[in-house]
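Novice: heads up, no residue letters with this:
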């Protein structure tokens, strides 16, 4: 009898244990952000360093009429593939990624003639370019510039047109210094952006970084570049170390890879971005993203893909977010010119709070905006170097 009554109790224990195991396997841990609002705030602080008025002014020197950085020379090509500008509209994020591939292609073409002793044309060396309201363009000014480079005075912009506002008002200046060498063979441009005037510079250095690049083939089939230095808004300093490579440049479907680390000093934030851009044809692009944001003891990581169609324009996201390695959320769906079905939910399918939704949206845009920033650090050099 005892044995007959013991088996049911043993069986119940097995069933209970099995049920517990099933519950643990079907309901994996659901991570949560320690402070979603603070994460959004910290992300905005990082991006805010890249959005000062002086940076805006520096960003347009690659397109302003008469600017030496708007001329197709080897120095412009380096700036065209470098990291900062004001992030573009986020209404269709990632939709302009193919244009950024074209910047890499132009840079490679500009450098394709090989390494020379200089990436800045001799006629620009030692000159300072200033804005002339009468002709609405940059002209050579009366003051001397750096002997191994060119100086460009930066001006306040019209908030509506994005062009230099007239009457013009100087807000800073940029020195583009040629540090190229033939042994070793390196195309290198040193960029310094400051406030004040050359005669009386202000206390803020908004940017100080170097860009170098080289190509393979003639015509160029591959391109590599690197940028290292810092940018600042006068309060925060954001250091960066970036490398770029692009292949298949002679086809209508070039590919690229970008690796960047950003380090903000206050608050202390460490951002790592690895991104590849692969084109199957001239109309389709796949962006593979692997990046993380570390603040204190919390690391938020985002991995996945964003598929881009140029015409008709569409963006499809499939991204996973973890907190300290534990599944937290997913960003999935498609956005096009008429609708946006991209949704942000917890990994277990439950709805996120308003604060979490904003944090996830900021994380979705962060790789795009930082990669655009990286590209723009190179931008004025792109045209100087022939892009």
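Specialist: Thanks, I have the structure now. Just so it is clear, the structure is predicted and the values come from calculations on it, not from any experiment. Numbers count the residues shown, from 1 in each chain.
Novice: ranges for the helices of the chain?
Specialist: 2-26, 36-48, 53-59, 74-80, 97-111, 354-377, 379-384 (DSSP state H).
Novice: Please name every helix or strand in contact with the third one.
Specialist: Counting contacts by 3 or more CB pairs under 8 Å, 6 or more residues apart in numbering; DSSP states H and E, helix 53-59 packs against strand 149-155, strand 170-178, strand 185-196, strand 201-216. C-betas here are computed from N, CA, C, even on glycine.
Novice: I'd like to know how many residues surround residue 308.
Specialist: 22 (other CB atoms under 10 Å).
Novice: Tell me the bridge partners for the closest residue to it other than its chain neighbours.
Specialist: Using CB to CB, 6 or more residues apart in numbering and skipping residues adjacent in sequence, the residue nearest residue 308 is residue 285, 4.3 Å away. According to DSSP bridges, the partner residues bridging residue 285 are residue 279, residue 308.
Novice: Residue 177 too?
Specialist: Beta bridges link residue 177 to residue 149, residue 190 when assigned by DSSP bridges.
Novice: I'd guessed it sits against residue 149; true?
Specialist: Yes. Using CB atoms under 8 Å, residue 177 makes contact with residue 149 at a distance of 3.8 Å.
Novice: Of these two, which one has the most company?
Specialist: More crowded of residue 177 and residue 149, by other CB under 10 Å: residue 149, with 26 against 19.
Novice: So the more buried one versus residue 207, what's the distance?
Specialist: Distance of residue 149 to residue 207, given as CB to CB, to the nearest Å: 14 Å.
Novice: Counting neighbours, what do you get for residue 240?
Specialist: Count around residue 240 with other CB under 10 Å applied: 23.
Novice: For residue 311, give me phi and psi.
Specialist: phi -140, psi 120 (degrees, to the nearest 10).
Novice: before we move on, what about residue 49?
Specialist: Dihedral pair for residue 49: phi -60, psi -30, per degrees, to the nearest 10.
Novice: quick one, what contacts it?
Specialist: By CB atoms under 8 Å, 6 or more residues apart in numbering, the residues touching residue 49 are 231-233, 236-238, 264.
Novice: What residues sit buried inside stretch 334-349?
Specialist: Within stretch 334-349, the residues that count as buried by 16 or more other CB atoms under 10 Å are 335, 342, 344-347.
Novice: cool, stretch 58-68 as well?
Specialist: 58-62, 64, 66-68.
Novice: Then stretch 46-57?
Specialist: By 16+ other CB under 10 Å, the buried positions in stretch 46-57 come out as 46-47, 49-57.
Novice: do the same with stretch 183-192
Specialist: 187-192.
Novice: got it, and stretch 313-333?
Specialist: Residues 314-317, 319, 321-323, 327-331 are the ones in stretch 313-333 that count as buried (16+ other CB under 10 Å).
Novice: cool, stretch 230-237 as well?
Specialist: 230-233, 236-237.
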